[in-house]
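S.K.: sequence unknown, structure follows:
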């Protein structure tokens with residue numbers, strides 16, 4: 001098992017990285033700053049997420 005530590009300041013980047021990790025079926029933990037707020041994906045982010053997920057499924 002390997003540990004990867006990433007510092008992300010951009011919410012869109014964070015969501016993209018989480019989408020990649022989810023698509024690969026990887027487990028991860030997120031330590032967030034107390035002032036960060038999680039919001040659901042908007043419509044365009046969902047489209048990108050679904051395309052990425054489909055692409056990764058095709059690779060596997």
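M.R.: Now that the structure is in, tell me what you want to look at. Quantities reported herein were computed from a predicted structural model and do not represent experimental measurements. Numbers count the residues shown, from 1 in each chain.
S.K.: three-state assignment of the residue most central in space within the chain?
M.R.: Note on the chain: the residue nearest the mean C-alpha position is residue 18, at 1.3 Å, using C-alpha atoms, centre = their mean. With DSSP: H, G, I helix; E, B strand; the rest coil as the basis, residue 18 sits in helix.
S.K.: Ok, residue 12 next?
M.R.: The three-state label given to residue 12 by three-state DSSP is helix.
S.K.: what does the model give it for pLDDT?
M.R.: If you check residue 12, the pLDDT there is 85.
S.K.: mind checking how far the residue nearest to it when sequence neighbours are not counted is from residue 4?
M.R.: The shortest distance from residue 12 to any non-neighbouring residue, by C-beta to C-beta, 6 or more residues apart in numbering, is to residue 45 (7.5 Å). In this view, the C-beta of every residue, glycine as well, is placed from N, C-alpha and C. Applying C-beta to C-beta, to the nearest Å, the value for residue 45 to residue 4 is 22 Å.
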